[in-house]
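sequence first, predicted model second:
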Amino acid sequence: MKRRSLALCLTLLLPTFGSGCFTVHHAYHGDKLLTNGAGLERPTKVVRHFEASDRQFFWLHGFIPTGEPLNGLAMAATQAGEHPGVVNLKLKEGQDFTDLLITHVPCILGFVCGTWSTWVEGDVVEYVDAPLMGATER
Amino acid sequence: MKIRIGARAACAAALALALTGCFTMNHTFPPNTQFGRRPEGAVGIRPQADKAMKNYMLSGLFPWSRFGTKDMAKDPGPGRQLADVEVETQFNWLDIVIWIVPGQYYGYYVWAPRHVGYEAVVIENDGEIVAATH
């Protein structure tokens, strides 16, 4: 009985030590225009549509994250390349089939480790009056 | 007995399959929100921010409360947009304790919360948006 109580207490305490650590922060401070709107303030045309994703692995409820932090907005800006920006931007995060499989099977229902993903989707655009115009020239 | 175990395993497998890919938070903001550089000539009016606990059941299949950031960011109104938007999702101590205690002990992912928040600046922008052509 004592052992069971101790195990229960440890189970309850363990997550509090690892808490507040896994944080996904989507932010971008560069020179690209990123909007969920249909266009920019000057006429543009769609260069290409993109869908991109990134996955991060962590140990102990996110207490020890590994690899590069997830950042969907930075990922969208990278997709813009030399073009001025992205329109129709959609940002989401969570767990897909692979994340659930990793988190629930080898990571034992997420107690030991887990993964979290971010997805972005949008249209890379360029100004119609100046093909391949850089964003800084606006 | 064997049939019951088999049925349970089949139910668990079906449930697991049904739940896959569902735990997804869509960060939806008002139209023409700016996540990157501000449009030229835009003037910042005031900061705007919110943070809330988002509750999901069955591994995210159904939201218990408001979904993603859809209802967190209010439309700033005509001639105004949100800019400098930053979104943060956190597994804080409360989320993890809830997820483990009622969530895992009384059902597989019955209750799985996350804390989602955003920070932004309301800007005034006179420019008109021209939809991109294909």
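Arrived safely, thanks for sending.

tell me the contacts of residue A:59?
Residues near residue A:59 by C-beta atoms under 8 Å, 6 or more residues apart in numbering or on different chains: A:65-66, A:112-113. All C-beta spots, glycine's among them, are computed from the backbone N, C-alpha and C.

give me the beta-bridge partners of it?
Beta-bridge partners recorded for residue A:59 (DSSP bridges): residue A:64, residue A:113.

ok, the nearest residue to residue B:98 once chain neighbours are set aside - contacts?
Of all residues beyond its chain neighbours, the one nearest residue B:98 is residue B:113 (5.4 Å), with distances taken as C-beta to C-beta, 6 or more residues apart in numbering or on different chains. Shown in contact with residue B:113 (C-beta under 8 Å, 6+ apart): B:53-56, B:94-95, B:98-99.

next step: these restricted to strands.
Counting by DSSP state E, those place B:53-54, B:56 in strands.

now the contacts of residue B:113: which count as buried?
B:53-56, B:95, B:98-99 (16 or more other C-beta atoms under 10 Å in any protein chain shown).

and the residue of chain B found nearest chain A, how far is that from residue B:114?
For chain B and chain A, the shortest gap (C-beta to the nearest C-beta) falls at residue B:93, measuring 3.1 Å. Computed as C-beta to C-beta, to the nearest Å, the residue B:93 to residue B:114 distance reads 12 Å.

still on that earlier bit, tell me which two of the contacts of residue A:59 sit farthest apart.
Greatest spacing in these, by C-beta to C-beta: A:65 and A:112 (14.1 Å).

which of those two has more neighbours?
Neighbours per residue (other C-beta atoms under 10 Å in any protein chain shown) separate residue A:65 from residue A:112, with residue A:65 holding more: 17 against 12.

and the helices in chain B?
In chain B, the segments counted as helices under DSSP state H are B:2-19, B:93-98, B:105.

quick one: contacts for residue A:28?
Counted by C-beta under 8 Å, 6+ apart, residue A:28 has contacts A:34, A:71, A:73-74, A:76-77, B:35-36.

list just the nearest of the ones in strands among the contacts of residue B:113 to residue A:26.
residue B:54 (15.2 Å).
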